[in-house]
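Asks: give me coordinates for this.
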Amino acid sequence: MKPTLILFTDLDGTLLDHHTYSAAQALPAVRQLTEKGIPLVFCSSKTPAEQAHLQKELGLLEPFIFENGSGAAIPEGYFDTIDFSRTEPWEGYILVRFAWKGPAELREILASTARNTGIELRSFADATDDELGAATGLSGEDLLRARDRRATATLLSPLAPAQVAAVEKELDNHGLSLSRGGRFFTVQDAGVSKGRAMQWLAAQFQNRSGAPVITAATGDSPNDAPMLEKADHAFLVQRPDGSWTELAIPGLKKVAGIGPAGFSAAVQILLNEKSG
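Replies: Predicted coordinates:
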């Protein structure tokens, strides 16, 4: 039986331009994937609301992984069965929750961590709309969607390396970890990752088709490492300054192209390999 190819992709700084959040440069590659029947699965720190909105803008309806692997969203009826017990309906999707702690508990832990370390830890939930808009470039409905976090807390506070170590040590006592994305640090359940969520979702695809699954992944940041490590084909695109994040992953392909230009180049490499 012919294997099923699935492309998992980070969003900010990969499919989307780091500064403008635009996917325009990646649209031709997205259309190629759609025409060839290759599912494009978002795997991002973004919220379910943000990713569902982006899918509508791009004309897609596929599963996606939200908040750094804290959960997955499956369009209703996409799979006959879902191999997980913690699910709930949401906006035409079934949300699968891998993380245990919710926003209120995370906020309490962040407050205690700040007291114990003496380090300011302000998250999206602590910021005014003006503050958050200035930091992210978002406004209006986009800002509301970014605030609607289900299982993580994204920090506005910058952290020096010594502060990162102190915060990580404290968070570890609560079963949490600190993940570095393209713009911000995110506090999340230590038991979840983009890679684990990708493997779970790939298994759901295999259960549906009965065919082996080949996974490809594109990313640009340290928090993409768990996904890139687990993918059969892994592509690292250039960051806004033209550099590549330092990741020691066997077989990782560094692609020439910043953000969506790199994503598009990775798609061409992947399609050429698939047809070869």
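Asks: any idea how far the residue nearest to the spatial centre of the chain lies from residue 72?
Replies: In the chain, the residue lying closest to the centroid (C-alpha atoms, centre = their mean) is residue 44, at 1.2 Å. Per C-beta to C-beta, to the nearest Å, residue 44 is found 12 Å from residue 72. C-beta coordinates here come from the backbone N, C-alpha and C atoms, glycine included.
Asks: any common contacting residues for those two?
Replies: Here residue 44 and residue 72 have 64, 65, 66 as joint contacts, going by C-beta atoms under 8 Å, 6 or more residues apart in numbering.
Asks: from those, which is closest to residue 244?
Replies: The shortest approach to residue 244 among the shared contacts of residue 44 and residue 72 belongs to residue 65, at 22.7 Å (C-beta to C-beta).
Asks: what helix or strand does the closest one sit in?
Replies: strand 64-66 (DSSP states H and E).
Asks: and that strand, how far from the chain's centre?
Replies: Offset of strand 64-66 from its chain centre (C-alpha atoms, centre = their mean, to the nearest Å): 6 Å.
Asks: ok so, going back, ok, now which ones touch the closest residue to the residue nearest to the centre of the chain other than its chain neighbours?
Replies: Using C-beta to C-beta, 6 or more residues apart in numbering and skipping residues adjacent in sequence, the residue nearest residue 44 is residue 11, 4.1 Å away. Counting by C-beta under 8 Å, 6+ apart, residue 11 makes contact with 42, 44, 46, 51, 54.
Asks: just confirm the first one is within a strand.
Replies: Yes. Remark: residue 42 belongs to a strand, assigned using DSSP: H, G, I helix; E, B strand; the rest coil.
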